[in-house]
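1. A structural model of the following input is requested.
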Amino acid sequence: QVQLVESGGGLVQAGGSLRLSCAASGRTFSSYAMGWFRQAPGKEREFVAAISWNGGSTYYADSLKGRFTISRDNVQNTMYLQMNSLKPEDTAIYYCARRRLLLRPESDLGAYDYWGQGTQVTVSS
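-> Have a look, this model is predicted:
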């Protein structure tokens with residue numbers, strides 16, 4: 001059984017930064033690609049970023065490139081999302097997930113099998 005626990009969310013002013021963490025249980029974390037998604041009120045869950053099993057490849061939603069950085073530490077079984085220059089439209093619940101199906105695009109929710117419960121990020125103007 002895999003458990004993913006997000007942390008690091010909170011309230012921040014526009015222009016500020018936050019670093020989210022996703023702690024994974026189990027011994028297989030380093031074997032899987034991972035991803036971050038977010039869901040704003042009244043909207044569908046959307047892709048934010050993804051990272052390969054060893055951190056060698058990263059992918060971002062086009063609208064977030066340059067502001068967000070995904071990384072991972074396979075020794076600590078933790079993935080991170082550094083978010084800079086935050087905007088009110090970044091307000092959402094942020095989820096981490098384990099990517100199981102590599103033949104599906106990294107932005108496809110169906111490619112992920114385990115999800116965390118999410119952490120709230122609120123950006124005030």
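
2. Could you give the bridge partners of the residue nearest the centre of the chain?
-> With distances taken as Cα atoms, centre = their mean, Trp36 lies nearest the centre of the chain, 2.2 Å away. In this entry, Trp36 is beta-bridged to Ala49, Cys96, by DSSP bridges.

3. Roughly how far does it sit from Leu86?
-> For Trp36, the distance to Leu86 (Cβ to Cβ, to the nearest Å) stands at 14 Å. In this view, the C-beta of every residue, glycine as well, is placed from N, C-alpha and C.

4. Now for the spatially closest residue to Gly26 that is not a sequence neighbour: which residues touch it?
-> With sequence-adjacent residues excluded and distances taken as Cβ to Cβ, 6 or more residues apart in numbering, Gly26 is closest to Val2, at 5.0 Å. Applying Cβ atoms under 8 Å, 6 or more residues apart in numbering, we find Val2 in contact with Ala24, Ser25, Gly26, Thr28, Arg98, Tyr114.

5. What does Val2 show for phi and psi?
-> Main-chain torsions, Val2, degrees, to the nearest 10: phi -110, psi 130.

6. try the one 3 residues further on
-> Dihedral angles of Val5 (phi, psi; degrees, to the nearest 10) stand at phi -130, psi 120.

7. Spell out the secondary structure type for the nearest residue to it once chain neighbours are set aside.
-> Nearest residue to Val5, sequence neighbours excluded (Cβ to Cβ, 6+ apart): Ala23, at 4.9 Å. Assigned with DSSP: H, G, I helix; E, B strand; the rest coil, Ala23 falls in the strand class.

8. Walking through this structure, point out its strands one by one.
-> Using DSSP state E, the strands found in the chain span residues 4-7, 10-13, 18-24, 33-39, 46-51, 58-60, 68-73, 78-83, 92-99, 112-115, 119-124.

9. Which strands and helices lie in contact with the longest one?
-> Think strand 92-99. strand 4-7, strand 18-24, strand 33-39, strand 78-83, strand 112-115, strand 119-124 (3 or more Cβ pairs under 8 Å, 6 or more residues apart in numbering; DSSP states H and E).
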